Structures are given as C-alpha cells and as structure tokens.
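Undergrad: Need coordinates for the following:
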Amino acid sequence: MPLFAVQYTYAHEKSAERDDHRTDHRAWLADLVRRGIVHSSGPFADGGGALMMVEAPTAADVEALFDQDPFAKRSLVENRVVREWIPVFGVFVK
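TA: Numbering: from 1, shown residues only. Model (predicted):
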C-alpha cells in the first residue's frame, strides 16, 4: 500500500489552543499507530509543524482521514501537505 508524508504547518498565534487539545490529538494519532495506519509521527523541533508517515490507498483517503484530526477540526493547522513518498532505503522499505 502507498506511503504518504503528511506535513503540518502551525500558526504561532494558535499555540495555546493546540496545547489545550494536544491530548486529544495525540490520542487520535496513537489509535492510528495502533491500527497500523500511521507509522511515525512527531513535531518539528522548532515547533512550527509536524510530520506523519501514513499508509493508505490514496492521497484522498489520507486527506479525509486527517480532516478528522482534533487539531484540524478546530482549525489549528495552518497548512497541510499530503505527498506520496516512495522509500528506497531504510525502515520504511517493504
């Protein structure tokens, strides 16, 4: 199944709101990890966004899935980019 990189960009002015909903966001992601959909997830060190590696049939499926993120539902993600990624070396190669 295809692998997708999902990149979030956060608006600095909404950091307090993200803090308020981080527990729900991480619980949502943890469930996707448990189900084998998300393979890796985490914020960028500068706090400006996050990156998730997601296995799904299509980019449209990823978009629909990430519309359900508690951060997305509360408009706490300024920008989201979903790109299919083809790993050649490393832990994501099947």
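Undergrad: So what's the residue count around Asp69?
TA: Asp69: 21 surrounding residues under other CB atoms under 10 Å. C-beta coordinates here come from the backbone N, C-alpha and C atoms, glycine included.
Undergrad: What does it show for phi and psi?
TA: phi -60, psi 130 (degrees, to the nearest 10).
Undergrad: for Ile86, same thing?
TA: Torsion angles, degrees, to the nearest 10, at Ile86: phi -110, psi 100.
Undergrad: got it, and Ala60?
TA: phi -60, psi -40.
Undergrad: Would you enumerate the residues in contact with it?
TA: By CB atoms under 8 Å, 6 or more residues apart in numbering, Ala60 lies in contact with nothing.
Undergrad: confidence score at it?
TA: Note on Ala60: pLDDT of 98.
Undergrad: next one: Ala11
TA: Residue-level pLDDT assigned to Ala11 equals 89.
Undergrad: ok, what's across the strand from the closest residue to Met1 other than its chain neighbours?
TA: In space, and not counting its chain neighbours, Met1 is closest to Glu55: 5.1 Å by CB to CB, 6 or more residues apart in numbering. Counting by DSSP bridges, Glu55 forms beta bridges with Leu3.
Undergrad: and the nearest residue to Ala5 once chain neighbours are set aside, what are its bridge partners?
TA: Among residues not flanking Ala5 along the chain, Trp85 sits closest, at 4.7 Å (CB to CB, 6+ apart). Beta bridges link Trp85 to Leu3, judged by DSSP bridges.
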